[in-house]
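Novice: can't give you the sequence, but here's the structure:
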């Protein structure tokens, strides 16, 4: 549950964890400027929580003092000036013994102690479901914490949108626009794999906006026979090319999610489904088929104006929440306002694509195949 605290704030920290997303620097800038208006000192933790848990890597400079000069001109920049990581989860921190065996330990108490040691009164944690789940545990241990929802996947619950999503969709849509012309010129099937992990938001929105013919998402296990029917239907109508968008977490009926690998202390690496779909479609249709994996291209580059504004709003709202005595909450978009929701609720489940949402209904109305 969220909590209200009344102790005075003088020094706050901000960290960016998990995969990078366009808009992170805009959040940092808003936090720093809003904090300075309240005469608070602001510090950035380097590379998630590594700056506090592995200070030896930074020669004692795991914390960066953030002021006006440090955040000048960064709103439009992609990435994060603090660095980030999706490894070294403090709740399941990987430790290697002298024999090379790897195990996990919980370093959350040590992390809370590090905040006390550096006299940091509060934390603004910018991240997705994994980072905010860590933030929720820290809040339960007594640290004053505000979460900011960040993920290109748009799969965090209790917020209408996360920053980074609009930029990813915009780039994916531009890529689909470009692929239409080359696919039509060669009468090819183009299979485009996009990120999104276990939710199909990027694939759905980019696929509809980019007029894809087939969209395969994790929420609907697919049957490639249905996709072939769509391709044959297009052939019969003298449309000799097909654009297929595949979310990295999509899986066939009675099949498994495609993984590139797993390792201790690190999230599953999804990927490879695009290539598998392309190979099977080529065999089933005897058509020239190519696969394009957009991958980390979706994470890079400048944020769109929509994501810049949302990031700035979230950053300012996070500082405002601290000033109001909030803790254990996430700032969330609830148009036309930014509200507060308990971190416990925001991280308790993933936000999947509702199969009856208007975008899904629109896609089906215009004839897009989902492999079902």
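Specialist: Noted; the coordinates are in hand. Here the structure is a predicted model, which means the values were calculated and not measured. Numbers count the residues shown, from 1 in each chain.

Novice: can you confirm residue 79 is in a strand?
Specialist: No. Per DSSP: H, G, I helix; E, B strand; the rest coil, residue 79 lies outside any strand segment and is coil.

Novice: Helix, strand, or coil at residue 104?
Specialist: Once three-state DSSP is applied, residue 104 turns out strand.

Novice: Check the closest residue to it other than its chain neighbours and give its pLDDT.
Specialist: Of all residues not flanking residue 104 in the chain, residue 92 sits nearest, at 4.3 Å (C-beta to C-beta, 6 or more residues apart in numbering). In this view, the C-beta of every residue, glycine as well, is placed from N, C-alpha and C. Per-residue confidence (pLDDT) for residue 92: 93.

Novice: And residue 370, how far from residue 257?
Specialist: 17 Å (C-beta to C-beta, to the nearest Å).

Novice: Ok, residue 202 next?
Specialist: Taking C-beta to C-beta, one finds residue 202 at 16 Å from residue 257.

Novice: Low-confidence ranges, the protein, go.
Specialist: Scanning the chain for pLDDT under 70 picks out 1-7, 262-267.

Novice: residue ranges for the helices of it, please.
Specialist: 24-37, 50-53, 108-117, 129-140, 165-186, 201-209, 224-236, 273-285, 305-323, 343-346, 358-365 (DSSP state H).

Novice: what residue of this protein is the furthest out?
Specialist: residue 236 (39.7 Å; C-alpha atoms, centre = their mean).

Novice: ok, back up a step: and residue 202 and residue 257? Which one has more around it.
Specialist: With neighbours defined as other C-beta atoms under 10 Å, residue 202 and residue 257 compare such that residue 202 has more, 28 against 17.

Novice: Let me see the contact set for the more buried one.
Specialist: Applying C-beta atoms under 8 Å, 6 or more residues apart in numbering, we find residue 202 in contact with 152, 153, 154, 165, 168, 169, 172, 194, 195, 196, 247, 298.

Novice: Same check on residue 193?
Specialist: Counting by C-beta under 8 Å, 6+ apart, residue 193 has contacts 246, 247, 248, 271, 273, 274, 275, 291, 292, 293, 294, 295.

Novice: What about the residues you listed, which are in strands?
Specialist: Residues of the contacts of residue 193 located in strands (DSSP state E): 246, 247, 291, 292, 293.

Novice: what number of residues lie near the third one?
Specialist: This means residue 291. By other C-beta under 10 Å, 21 other residues sit near residue 291.

Novice: Distance check, the residue nearest to it when sequence neighbours are not counted against residue 175.
Specialist: Closest residue in space to residue 291, ignoring its immediate chain neighbours: residue 278 at 4.0 Å, by C-beta to C-beta, 6+ apart. As judged by C-beta to C-beta, residue 278 and residue 175 stand 16 Å apart.
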